[in-house]
Each structure stands twice: as structure tokens, then as C-alpha cells.
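Asker: okay, here's the prediction I keep looking at, along with the sequence it came from:
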Amino acid sequence: MAEKTLNVFEIAKSQVKAACDKLGTDPAVYEILKNPMRVLEVSFPVKMDDGTTKSFTGYRSQHNNACGPFKGGIRFHPNVTMDEVKALSTWMTFKCGVVGIPYGGGKGGMAIDPNDYSKSELERISRGYAAAISPIIGEKEDIPAPDVNTNGDIMSWMVDEYSKVTGKFQPGAFTGKPVNFYGSLARTEATGYGVALTAMEAAKKLNIDLGEVTVALQGFGNVGSYAGKYITDFGAKVVMVEDSSGVIYNKEGIDMEKLMVYAKQHRSISGFSGAKAIGSSVLVADVDILMPCALENQLTSENADKVKAKIICEGANGPTTPEADEIFKKNGVVVVPDILANSGGVTVSYFEWVQNLMRYTWSFEEVQKKQEILMKNAFEEIWNLAEEYDVNLRTAAYMMSIKRVAIAMEKRGWYAEISSKSLANN
Ligand SMILES: NC(=O)C1=CN([C@@H]2O[C@H](COP(=O)(O)OP(=O)(O)OC[C@H]3O[C@@H](n4cnc5c(N)ncnc54)[C@H](OP(=O)(O)O)[C@@H]3O)[C@@H](O)[C@H]2O)C=CC1
Ligand SMILES: O=C(O)CCC(=O)C(=O)O
């Protein structure tokens, strides 16, 4: 059967709707949450190294700020569209709600491939984008961070540009900065660490011993590489890894530390001597745990029935379509949803922001411990909710989070309960 839609914004809305229906929220809740509060499209000129001028287009979507300032990454990827950014900002609102941090959801992006530009061009593009969205962002308004193809260096340029435009030095206006420039220890590792932590919690629930477990990873960037490193530290064996150059395999387990060094040097996993290149897909690999850590719409009605993993732990945002979710539920595959599995990134971004506002720093261990507590509690709560309502973990995660956001919206007077029971009194 063909998918109803692969439009990620339509998918995000359908996930929110399913959870609102299950919770029985007042109709006003979905009415408010179905669209971002604001979406900004900007165009700005940038001088290229050869003296020509090019115009670039970027977006920033601010989904909902009932619980606090908008928060979410900036993506540089050729496939970025306004609808994608809207979906990603929607997911951010509920991701922040899952771990109970005082933020709403935002996301930004530009349809560019950074590899097409020199470093100085990329700096000017990043500065141009930061200046263009500066009227709607800020330390207490909307705090961007890295996402696909953006990193700490880009965040530092953006902090500098934002400070110039506003005339105020506000390092807390962006997170995911380098540790030696107002970044937090353990932020670089945070998203992958959280993916590994939640995969381990899911394995415990299924009585699977991580010492016996094999893992396949799609994506070996920030999220995939640290997810692979930490799941290996927890005892599992990563046997297959894919990036956009192809798939590598070693049935004895791939040395994650060595692959991380290699991938950094070569900007690709292709040619790594500790594994062999193969032609098959990571997504249907014969492994216990699958970690999609690249892009959206990877697991669809086309391949979901062929997935052999018992646990799918979503490092990426939106890798699974609703139809694939149905198939996984039917087949007993446990999907740890993106808004829980990859919430470690924004959680430690929150800790970075708190440290910035306090002009104080915490140790690596302190930050990781705080992350671990929030994520393990969220996992447990969502697992129990899924059992109570007989829903998958995704719907349970949305239910928990929507309830938090809905209570904030009601308390702020954005709607008045007209249905029989008030969430706030539950
Ligand atoms: N960074 C963060 O803190 C967070 C990120 N996420 C999500 O995690 C995902 C990955 O982000 P992040 O690791 O930061 O991004 P990176 O840019 O660091 O890495 C992306 C990885 O995905 C790979 N990739 C891209 N396209 C494909 C493809 N078609 N098939 C296989 N692999 C592919 C890239 O390979 P190549 O390099 O060869 O192109 C690269 O290894 C995204 O969905 C992002 O939104 C979620 C929460 C927080
Ligand atoms: O660290 C952040 O603020 C946001 C990270 C992000 O973009 C995401 O979780 O998808």
C-alpha cells in the first residue's frame, strides 16, 4: 500500500492529532497546536569568493512557546523546505515537553549543501542567516542550536553576528557552542548518549542483555557516532554503519573510536579498514537494535515489514512514517520515538543555556548525570503510559508532552476548557 503522505509536516500533525484524540483534550488544544505560531522566510545577499553575489533563502519556524522560549536547531541541507522546518519545530515543542524543560519548539534551516562553499563563504552565509532572523530570536525569545550540517563553529559565528546586530553580547542566544566559547561540556556527546541510554532502557524492558546485542547505525554524524560509541560502552556490538557514501560491515563489531577518528579525517566512513563495504541496506539488517540517525522518512510502508531489529531507537527526527509505525506495532517491534530518544541534545542545550545565564560551568560528569536522570525518568513514565493506554511509545510520548503544553496554554488563558474534564485538574 502506498503511503498516505510523506510530507513531514502532515505527518507531524497526524502524530499530534492521534495523541490529542487518545487523551481526549479540548478541541482547542489541537486547533492551537496544528500550526506554528510564526514562520519567517528570509532572503539575503552574500558575496562569494569570486566576487559575485548570491541570494540565499532561509527559514525559522516558531511552533509554540507556551512553556518557554522557542528552542531548536538550524539545518543546512539541500532538501530543507518550509514544511520540513515547520515539522521539525513541531517535534521540538513536544520533545522539550517530554523531558519537561522550560522551552517551546523552534527550528530553522536553509536549502544548501555546505560542501559547495569555502569556509569563508560558509561563514558569511551563516552570519547572513543569523542577521536575517535576528528580529525574532534571542536569549529569552528563541534559542537556535546545531542540527544536520551545522556545528559549534557556525554557532560561534552566529553569536558574534547576533551580538553585532543587537549591540549586546548574548552567548546564551545560541547553544551547541564550542566548549572553549561558552559551550557546555557533554553537549557534543549528548544526543548520541541519550539515544544509547534509551536503547539500553528499552533492552532492559525486553529482558535483552546488551552484552549479546548487535546494532546497525544509519548516519555517522554527531548523533550516530556518539550513539554508536556509547552503546558499545554499554556492551553492545555495532556491526553495520551507513552514511551517504555507503554501508560498512564487520560481524565482530566495528571499533567506534577508530571509525570516529577516520570519519573526521576523511569526512566519510568509506574506505575504513576495520570493516568491509557492502551493498545491502542498514535498515533491514539482521541485528537486534536499529538506530536511524540521519534523516526523515527512512522507515516506510515499503520496508517496515522487512525490518528484523527488535528495537528501533530514533536518533534522527522523523525517520519513521505513521504507516511504518502501524507495521512495527503489529510485528512487536519496539520503537523508541525521536522526541524521547534524541531529546538528550536539547536537554544539554538547556543546561548550556542555564550555565550561560549564570556565567558558571558544570563538570562533564555533572551534566551527563543531570541528562541521565531526566531521560531515564521520561523513559519510565512513557513506558508506563504506553502500557496503561495500550498505545505505542510514540503516542504515549506525545500524550505526556501534550498534557504539559496544554496545561501551560490553559493556565495562560489561550483557551478555556469547554469539555467535561480539565487537564489541569487531572
Ligand atoms: N545534532 C543534534 O544535537 C541533534 C540532531 N538530531 C537529528 O539527528 C539526525 C542527524 O543529525 P546530526 O548527527 O546532527 O547531523 P550530522 O550532519 O552530524 O550527520 C548526519 C549524518 O547522516 C548521514 N546521512 C545523510 N544522508 C544520508 C542518507 N541518505 N543515508 C545515510 N546516511 C545519510 C550523513 O552522512 P554524510 O556525512 O556522508 O552526508 C551523516 O553521517 C537529524 O535527523 C537531526 O535532526 C536530533 C536531535 C539533536
Ligand atoms: O539543542 C537544541 O536546542 C536543539 C537540537 C535539535 O535541533 C533537535 O533536538 O532536533
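Answerer: Good, I have the coordinates. This is a predicted model, so every value here is computed, not measured. Ligands and ions are numbered 1, 2, ... in the order given.

Asker: using PDB, write out every CA atom in the longest strand along the chain.
Answerer: In the chain, taking DSSP state E as the definition, the longest strand is strand 53-64. Presented in PDB, the C-alpha positions along strand 53-64 are these (Å, rounded to 0.1, in the frame of the first residue of the first chain):
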ATOM      1  CA  THR A  53      26.800  38.000  -5.200                       C
ATOM      2  CA  LYS A  54      24.300  35.200  -4.500                       C
ATOM      3  CA  SER A  55      20.900  35.500  -2.800                       C
ATOM      4  CA  PHE A  56      20.200  32.900  -0.100                       C
ATOM      5  CA  THR A  57      16.800  31.900   1.400                       C
ATOM      6  CA  GLY A  58      16.300  30.600   5.000                       C
ATOM      7  CA  TYR A  59      13.500  29.800   7.400                       C
ATOM      8  CA  ARG A  60      12.800  29.900  11.100                       C
ATOM      9  CA  SER A  61       9.700  28.300  12.400                       C
ATOM     10  CA  GLN A  62       8.400  29.000  15.900                       C
ATOM     11  CA  HIS A  63       5.900  26.400  16.800                       C
ATOM     12  CA  ASN A  64       4.700  27.100  20.300                       C
END
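
Asker: parallel or antiparallel, list what pairs with it.
Answerer: Strand 53-64 has the following strand partners under DSSP bridges: strand 38-47 (antiparallel), strand 104-110 (antiparallel).

Asker: how about it: buried residues?
Answerer: Phe56, Gly58, Tyr59, Arg60, Ser61, Gln62, His63, Asn64 (16 or more other Cβ atoms under 10 Å). Backbone N, C-alpha and C define where each C-beta goes, glycine included.

Asker: between the residues you listed, which is nearest Leu210?
Answerer: His63 (35.3 Å; Cβ to Cβ).

Asker: what sits against the closest one?
Answerer: His63 makes contact with 33, 36-37, 70, 86, 89-90, 92-93, 104-107 under the criterion Cβ atoms under 8 Å, 6 or more residues apart in numbering.

Asker: what pLDDT is listed against it?
Answerer: Each residue has a pLDDT score; the one for His63 is 98.

Asker: quick check: which of the strands paired with strand 53-64 is nearest to ligand 1?
Answerer: strand 104-110 (8.6 Å; Cβ to the nearest ligand atom).

Asker: can you give me how far the longest strand of the chain is from the chain middle?
Answerer: Its chain's average C-alpha position is 19 Å from that of strand 53-64, according to Cα atoms, centre = their mean, to the nearest Å.

Asker: could you see whether ligand 2 lies near the longest helix along the chain?
Answerer: As assigned by DSSP state H, the longest helix anywhere in the chain is helix 364-389. No - for a cut-off given as Cβ under 6 Å from any ligand atom, helix 364-389 has no contacts with ligand 2; the smallest distance is 11.9 Å.

Asker: which SS state does Ile248 fall under?
Answerer: Look at Ile248: counting by DSSP: H, G, I helix; E, B strand; the rest coil, its state is strand.

Asker: count the residues that sit near it.
Answerer: 23 (other Cβ atoms under 10 Å).

Asker: show the model's pLDDT score for it.
Answerer: Value for Ile248, per-residue pLDDT: 98.

Asker: against Lys258, how distant is the spatially closest residue to it that is not a sequence neighbour?
Answerer: Distances taken as Cβ to Cβ, 6 or more residues apart in numbering place Ala275 nearest to Ile248, at 3.9 Å, with adjacent residues excluded. Distance of Ala275 to Lys258, given as Cβ to Cβ, to the nearest Å: 10 Å.

Asker: do the same with Asp390
Answerer: 44 Å.

Asker: if you count surrounding residues, which of these two has more?
Answerer: Ranked by neighbour count (other Cβ under 10 Å), Asp390 and Lys258 place Lys258 first, with 13 against 9.

Asker: wait, Thr109 touches Pro78, no?
Answerer: One correction, residue 109 is Gly, not Thr. No - counting by Cβ atoms under 8 Å, Gly109 stays clear of Pro78, with 10.6 Å between them.

Asker: out of the two, which sits in the more crowded spot?
Answerer: With neighbours defined as other Cβ under 10 Å, Gly109 and Pro78 compare such that Gly109 has more, 27 against 12.

Asker: mind checking how far that one is from Gly58?
Answerer: 7 Å.

Asker: let's see the pLDDT reported for the residue of the stretch 301-426 of the chain found nearest ligand 2.
Answerer: Here the stretch 301-426 of the chain gets closest to ligand 2 at one residue, Ser349, 3.3 Å apart by Cβ to the nearest ligand atom. On pLDDT, Ser349 comes in at 98.

Asker: what's the closest residue to it other than its chain neighbours in contact with, if anything?
Answerer: Spatial nearest neighbour of Ser349, excluding adjacent residues (Cβ to Cβ, 6+ apart): Thr175 at 3.8 Å. When contacts are counted by Cβ under 8 Å, 6+ apart, Thr175 touches Ile143, Pro144, Ala145, Met155, Gly183, Ser184, Arg187, Ser349, Tyr350, Glu352, Trp353, Asn356.

Asker: wait, the third one sits on Phe70?
Answerer: No - under the criterion of Cβ under 8 Å, Ala145 makes no contact with Phe70, lying 11.2 Å away.

Asker: between these two, who's got more neighbours?
Answerer: Just comparing Ala145 and Phe70: by other Cβ under 10 Å the higher neighbour count belongs to Phe70, 30 against 26.

Asker: contacting residues around that one?
Answerer: By Cβ under 8 Å, 6+ apart, the neighbours of Phe70 are Gln62, His63, Asn64, Ser89, Met92, Tyr103, Gly104, Gly105, Gly106, Glu141, Asp142, Ile143.
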